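Colleague: With the sequence up front, the predicted model follows.
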Amino acid sequence: MAEQRNPYMGKSPRAWVELHLKKSDEVQKSATLIVDTGSPMGLILAPEIFDEFVLEVIASAHSNFGELLGGFFKILMLDTGITELVHGYRSEAVGKMVKKSHPNFVGLVGLPFLRLGEYGGDPSSFYFRYPPHSHFTQEDHEQPQAR
């Protein structure tokens, strides 16, 4: 199981992950994103990042941050091997909020992204693991033998 582990960062220390957004084989960029386990949105990006990496614009959504323009993004998490096409959103309010905590933050990941793997933390760092660990053993999947 591969893992990305990051020390908390920001004025008020926050959990974060690093993803790579990919527009094409030539255009790819690292993005440092706050972890928000309470967000029902998998990915919310600052406008400049959204505009640069959105593959296709789709329906908007309403949230406590206002109207969010939707789009599809190709994300990679190099440490874990994740390569996914995900639904994300554009928010100026989120972009401003995360920058207040740390200038490297460009958005957030929410629960739909986090549920792709296992996540957690300790007093000094946050981790994201992929693929998720199965709590079942091979014996759990075997059919009982007829007698």
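Modeller: Received it, and whenever you're ready, just let me know what you need.

Colleague: Which strand residues bridge the residue nearest the centre of the chain?
Modeller: Geometric centre of the chain, nearest residue: residue 109, 3.8 Å, by CA atoms, centre = their mean. For residue 109, the beta-bridge partners are residue 35, residue 43 (DSSP bridges).

Colleague: How much space separates it from residue 25?
Modeller: 24 Å (CB to CB, to the nearest Å). Glycine gets a C-beta too; all of them are placed from N, C-alpha and C.

Colleague: max-length strand in the protein?
Modeller: Ranked by residue count under DSSP state E, the longest strand found in the chain is strand 66-77.

Colleague: Packing partners of it?
Modeller: strand 16-22, strand 43-45, helix 47-53, strand 56-63, strand 82-90 (3 or more CB pairs under 8 Å, 6 or more residues apart in numbering; DSSP states H and E).

Colleague: same thing but 10 Å
Modeller: Helices and strands touching strand 66-77, by 3 or more CB pairs under 10 Å, 6 or more residues apart in numbering; DSSP states H and E, are strand 16-22, strand 28-35, strand 43-45, helix 47-53, strand 56-63, strand 82-90, helix 92-101.

Colleague: and of the ones you listed, who's closest to residue 2?
Modeller: strand 82-90 (8.7 Å; CB to CB).

Colleague: which ones are touching residue 48?
Modeller: When the contact criterion is CB atoms under 10 Å, 6 or more residues apart in numbering, the partners of residue 48 are 90, 92, 95, 106.

Colleague: Test my guess that the third one contacts residue 49.
Modeller: Yes - under the contact definition of CB atoms under 10 Å, residue 95 touches residue 49, with a separation of 7.9 Å.

Colleague: okay, and the common contacts of those two?
Modeller: 106-107.

Colleague: where does this protein have low pLDDT?
Modeller: 134-147 (pLDDT under 70).

Colleague: Make sure residue 27 is actually in contact with residue 55.
Modeller: No - assessed by CB under 10 Å, residue 27 is found out of contact with residue 55, at 11.0 Å.
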